[in-house]
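[1] Based on what follows, work out the 3D shape:
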Amino acid sequence: MILSFLNPWLWLGALAVAAPVWLHLRRKNEQTLVRFSAVRFLEDEPRARKSPLRFQNLFLLLLRTLAVLLIATAFTWPYLRRANALAVKESVVYILDNTLSHQADNGFNTDRDRVAQELSRAGSDVQVAVIELAAAPRVVAGFGEDRRSAKQKVQQLQPSFQRGSYLAAFRQANSLLANAFGQRKRIVLLGDNQANQWKENVTTPPFLRNVQLDLPSAGAGQLPNVWLSELRAQRLFLGDKSMVNFTMHLGHLGPARTARVFLQVNDQTVFNRTVELDNQPESISLQAQCETDPASWVQAEASVKGIPDSLEADNHVFCSVPPVLEGKVAILAQSPYLRTALSPEVMRGQWAARVLDPANLAAEVVGRETAEVLCVESAYLQSADARALVKRYLAAGGGVFLLVNRLSPAIDGTLRELGFEPEGMLAPGETNSERFQFVLSNHPIFHSFQSPDFGNLMDIRVQQYARLRSTAGRPLIFSETGDGLFFEGSTHHGKLFVCAFGLDRSQSSWPVHPTFIPFLDLTLQAARPHDPTPNSFAPGDSTLIQLPSGTSAQALVLRENGREIQRTAVEHDRAQVRMPPKPGLYSMTFDDHTNVQQIFSVNPPAKESELVFLDSPKTAKAWCFGAPQNAKPVVSLANTGEGFSGILQQRLWWWMVLGGLLALTSETVLTLAKGEQA
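    Sure thing, here's the model as predicted:
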């Protein structure tokens, strides 16, 4: 055993032993003093007092010196290490990729077992740490951790359905190596080198200095896979029927020729189709429709089977649709098509329309009865009351659907206040009407129209429209000449949608097109106030749920098939909820009640299904400053099993501290005793 010191420079504190020696040497002889009222008749002492240069109380001096030495030694943090302790030759950080794509061909389980074996084989002169890469990198085992415990933690890791960042994992590994003792420093990535993960951080400046990177060999450039993603549902009303339209994307990569797609809605199969994949694009849009009860939740699960398929964990997607809560819309328009589309015969159960009286708008502005969405034609904005009504809806967080069927100085001023600059009315005419040229299809209003089953928006013609330049919003539909025809505002508390033409046959063919009623319903749904909490998440996502004011719930409970899996406390009507790590449908209830408040769908990230890999990613090389240099070998406390916590577990340090305290106590007692004798 060899005695070493963690802070040897604190041995300078041992110089403090000179203090008690000096105090003893300068001490003068004290004699009994007798005080007199007058001392002028006393003779002066002929000899001056001087310090006797000898120790009068050697035992007291030794106690004081011992106390100082023991305390100074304790501050140097002494520890005993084995005589055969070796210098740390290498510090290695293993990054274990636990993202969804690494489940392909059992890749994660293979690499997890490899890390466990490396922990067992690593010598005492090698530092090993393990980082798990999931949604966020996490240190599973640090450099100073016991090898047996680290191996057990690694073996307990289970495959995840999450997506993580290579950059975040490498940065965390670099921070671990910054405090490592190894002569050589390495980062070993055990993953699949997924191409889209490397491409996310191409422009990151270099940050790895004197670190060697060991990257896996990707082998095949890609693996065959069939997957589903982006399952979405929209409830529509066709007469007395409540219908739900489903859209999803079928992705395929590799030699698979066919895929069998199933869709189950509330435990009933409503879609069962074999899709041919030959000569088809990589992503195929599929649609389905079924009738549901408008007063019930809709829970849907889509699955796919294809051969070959290297990753079966992405073959299921989920979504949910809440029960219908009939919306309220106020109509300030003359268009017969708009009024008919919002009539009870068409929108029963979906929208309750109330036609406003233009002569009674002043009472509407100050009244308490308010709808969720105001549908208004611009011709009415010449009235000050109509302008005040629009501002009231937007300020209160409601929705406004504005149809610009006319322009005037008063209307132009209102449009400018809303963030739109009018540049006059255009009338191409019947023979020279314009079609829709571009539609922002990924917007919720137009997402369902990606399939021709719901009609083709490119067939719609516009005979007359207002040329608007958006200063506070974005266009969603463009004409053939590049003019914006449909806009979404972005500077108001409430939602604002502006159509550059009226919904009348004199200005557009849209009112008689099959897409008109679905478009109108989707626009009003997008304009109405919504709970900001989304209902679709990735595995492990965290979200803040705001409860309605006045709710007395003490906890939010997540359940799977009625079984409680998670409970979160509610504080100030809010709760921070972390979604489960596995895909599926999870219902949320309050406390121990069974009434479902919300159903969340947890789906795997779509990008993880793209099993395309890079053999030698240039991004990783760009993160390095240069070739690693050899550093001076350092004896690591972690290598000897010692650290601050290890030192505290050794008896040597505690005996020194107790000895110092005992010496101080004895010195105090002895000094008090001599004082009493004197």
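[2] so where is the stretch 1-150 of the chain shaky, pLDDT-wise?
    1-61, 74-86 (pLDDT under 70).
[3] er, the stretch 301-450 of the chain actually
    429-432.
[4] mind listing the helices in it by residue range?
    Secondary structure of the stretch 301-450 of the chain (DSSP state H, counting those that start in this stretch): helices at 336-341, 344-347, 361-366, 384-395, 409-418.
[5] CSV for those helices, including distance to Phe262?
    In short, each C-beta sits where N, CA and C put it, glycine included. Below are these laid out as CSV (distance: least, C-beta to C-beta, whole Å):
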stretch, distance to Phe262
helix 336-341, 35
helix 344-347, 32
helix 361-366, 50
helix 384-395, 44
helix 409-418, 47
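[6] Need the ones you listed in TSV (columns: distance to Val270 and mean neighbour count).
    Converted to TSV, these look like this (distance: least, C-beta to C-beta, whole Å; neighbours: other C-beta atoms under 10 Å):
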stretch	distance to Val270	mean neighbour count
helix 336-341	27	16
helix 344-347	24	14
helix 361-366	44	15
helix 384-395	38	19
helix 409-418	43	16
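[7] do you know which of these lies nearest Asn603?
    helix 344-347 (30.8 Å; C-beta to C-beta).
[8] Remind me what that closest one packs against, helices and strands.
    strand 351-355 (3 or more C-beta pairs under 8 Å, 6 or more residues apart in numbering; DSSP states H and E).
[9] For the strand it packs on, name the packing helices and strands.
    strand 327-332, helix 344-347.
[10] do you know which of those lies nearest Val612?
    The nearest among the helices and strands packed on strand 351-355, by C-beta to C-beta, is strand 327-332 at 44.1 Å.
[11] in its sheet, what does that closest one sit against?
    strand 351-355 (parallel), strand 373-377 (parallel) (DSSP bridges).
[12] and Gly494, which of the helices of the stretch 301-450 of the chain is closest to it?
    That would be helix 384-395 among the helices of the stretch 301-450 of the chain, by C-beta to C-beta, at 4.2 Å.
[13] I'd like to know which elements that closest one is packed against.
    Counting by 3+ C-beta pairs under 8 Å, 6+ apart, helix 384-395 packs on helix 361-366, strand 373-377, strand 399-403, helix 409-418.
[14] If we use 7 Å, what do you get?
    Contacts defined by 3 or more C-beta pairs under 7 Å, 6 or more residues apart in numbering; DSSP states H and E place helix 384-395 against helix 361-366, strand 373-377, strand 399-403.
[15] Out of the ones you listed, which gets nearest to Ser120?
    strand 399-403 (63.0 Å).
[16] Which strands border that closest one, and is each parallel or antiparallel?
    Strand 399-403 has these strand partners (DSSP bridges): strand 373-377 (parallel), strand 496-499 (parallel).
[17] three-state assignment of the nearest residue to Val92 once chain neighbours are set aside?
    Excluding the flanking residues, the one nearest Val92 by C-beta to C-beta, 6 or more residues apart in numbering is Arg186, at 4.8 Å. In three-state terms, and counting by DSSP: H, G, I helix; E, B strand; the rest coil, Arg186 is strand.
[18] Make 50 the starting number, not 1.
    In the new count, where the first residue is 50, that last one comes out as Arg235.
[19] Specify the beta-bridge partners of Arg235.
    Those that pair with Arg235 in a beta bridge, by DSSP bridges, are Val141, Gln261.
[20] who are the neighbours in contact with the residue nearest to Ala476 when sequence neighbours are not counted?
    Spatial nearest neighbour of Ala476, chain neighbours left out: Gln513 (4.6 Å); criterion: C-beta to C-beta, 6+ apart. Counting by C-beta atoms under 7 Å, 6 or more residues apart in numbering, Gln513 makes contact with Met474, Leu475, Ala476, Phe550, Ser555, Gln556.
[21] again, but for Ala587
    Ala587 touches Gln211, Asn652, Pro654, counting by C-beta under 7 Å, 6+ apart.
[22] ok, now with 8 Å
    Ala184, Gln211, Arg212, Met628, Val651, Asn652, Pro653, Pro654 (C-beta atoms under 8 Å, 6 or more residues apart in numbering).
[23] any idea which of these is closest to Leu272?
    Closest to Leu272, out of all of the contacts of Ala587 and judged by C-beta to C-beta, is Pro653, at 16.0 Å.
[24] which SS state does that closest one fall under?
    coil.
[25] hmm, back to that, Phe219 is nearest to which of the strands paired with strand 448-452?
    strand 545-548 (44.2 Å).
[26] ok, back up a step: of the contacts of Ala587, which is the most crowded?
    Counting by other C-beta atoms under 10 Å, Pro653 has the largest number of neighbours within the contacts of Ala587, with 28 neighbours.
[27] That residue and Pro632 touch, don't they?
    Yes - assessed by C-beta atoms under 8 Å, Pro653 is found in contact with Pro632 at 5.5 Å.
[28] list residues touching both of the two?
    What both Pro653 and Pro632 touch, as defined by C-beta under 8 Å, 6+ apart, is the set Phe210, Val366, Pro588.
[29] Confirm Gly156 sits in a strand?
    No - the assignment for Gly156, made by three-state DSSP, is helix rather than a strand.
[30] gap between the nearest residue to it once chain neighbours are set aside and Val275?
    Using C-beta to C-beta, 6+ apart and skipping the chain neighbours, the partner closest in space to Gly156 is Asp241 (5.6 Å). Separation of Asp241 from Val275 (C-beta to C-beta, to the nearest Å): 18 Å.
[31] Please, where are all the strands along the stretch 250-399 of the chain?
    261-263, 274-287, 290-302, 307-314, 317-325, 332-340, 347-355, 365-370, 376-381 (DSSP state E, counting those that start in this stretch).
[32] In TSV: the ones you listed, plus mean neighbour count.
    As requested, the strands of the stretch 250-399 of the chain are exported to TSV (neighbours: other C-beta atoms under 10 Å):
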stretch	mean neighbour count
strand 261-263	15
strand 274-287	20
strand 290-302	20
strand 307-314	19
strand 317-325	12
strand 332-340	16
strand 347-355	20
strand 365-370	21
strand 376-381	20
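[33] what's the least confident stretch among these?
    Of all the strands of the stretch 250-399 of the chain, the minimum mean pLDDT falls on strand 274-287 (a mean of 87).
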